[in-house]
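>>> Next come a sequence and a model predicted from it.
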Amino acid sequence: MALQTSPSHYSRLSIAMHWLMLVLIALTYLFIELRELFARGSPERNFMRTAHFSLGLMVLALVCVRLAARVYGGRPSIVPAPPRWKQVASQVVQVLLYALMIGMPLAGWVMLSLRGNAIPFFGLELPPLTSENKELGKLIREWHGDIGRAGYALIGLHAAAALTHHFVWRDNTLRRMLPGRAG
């Protein structure tokens, strides 16, 4: 899979990782929301939670690949070039999205560790990152939930900005990341 960008499109690896991360993050959110449909302690609810944990940790693992593709592959230019304020706003949202992709899975792992729970990862059990401290685990759980809810807005902002670039400002921002478009 090509790592270098073309002048007008991200690399195939960057494009694949972008859309794969979207799917994984959407599923992570979906499973944690769907768990509410099932009674506490039910096999279905436990499956939803385990799927949420496993997919979140998969996001953490793959964000490293995504960052490498971004660093080594470069970024194609936006045409026409946006004003400086739009570039800064884009960079802020990108940093926040990467912080979400790294911080949320780590917070979940730490939260489970602090609560003395197993850390499931697709049938494996990962080691705890810290010793048990149920009170701190409860606090991290609240933060994890609050930041997760803020993540909906951040992801929505990212999608709305891409669509605004495409349909209103008519630049190539969205086209640079569409599958099948890599140079």
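Structure received.
>>> any chance you could map the strands in this structure?
If DSSP state E is used as the criterion, the strands of the chain fall at 119-121, 124-126.
>>> Deepest-packed of these, please.
Across those, the average number of neighbours (mean count of other C-beta atoms under 10 Å) peaks for strand 119-121, which reaches a mean of 18. (Glycine included, C-beta is placed from N, CA and C.)
>>> Parallel or antiparallel, which strands does it pair with?
Applying DSSP bridges, strand 119-121 is found paired with strand 124-126 (antiparallel).
>>> and the strand it pairs with, average pLDDT?
The average pLDDT for strand 124-126 rounds to 97.
>>> Give the closest residue to the spatially most central residue of the chain in space, chain neighbours not counted.
Among the residues of the chain, the one closest to the centroid is residue 101, at 3.8 Å (C-alpha atoms, centre = their mean). Ranked by C-beta to C-beta, 6 or more residues apart in numbering and with sequence neighbours excluded, the top spatial neighbour of residue 101 is residue 63, at 4.4 Å.
>>> same thing with residue 53?
Per C-beta to C-beta, 6+ apart, closest to residue 53 is residue 120, 5.2 Å.
>>> quick one: pLDDT of the one you found?
96.
>>> tell me the contacts of the residue nearest to the centre of the chain?
Residue 101 makes contact with 21, 25, 59-60, 63, 66, according to C-beta atoms under 8 Å, 6 or more residues apart in numbering.
>>> Check the gap between it and residue 44 for me.
According to C-beta to C-beta, to the nearest Å, residue 101 stands 27 Å off from residue 44.
>>> And residue 141, by the same measure?
Going from residue 141 to residue 44 by C-beta to C-beta gives 21 Å.
>>> more crowded one of these two?
Applying other C-beta atoms under 10 Å to residue 141 and residue 44 shows that residue 141 carries more neighbours, namely 16 against 12.
>>> Grab the longest helix from the protein for me.
Ranked by residue count, the top helix of the chain under DSSP state H comes out as helix 134-167.
>>> for this structure, what spans make up the helices?
So, for the chain - with DSSP H - the helices run 12-34, 43-73, 84-114, 134-167.
>>> Just want the angle from the third one to helix 43-73.
I take that to be helix 84-114. Angle, helix 84-114 to helix 43-73, by axes from the mean of the first three to the mean of the last three C-alpha atoms, to 10 degrees: 140 degrees.
>>> what about the residue nearest to residue 101, how many neighbours?
Neighbours around residue 63, by other C-beta under 10 Å: 19.
>>> again with the one 10 residues further on
Burial measure for residue 73: 20 neighbouring residues, criterion other C-beta under 10 Å.
>>> follow-up on the earlier one: who wins for proximity to residue 37 among the strands of the chain?
When those are compared for distance to residue 37 using C-beta to C-beta, the nearest one is strand 119-121, at 20.0 Å.
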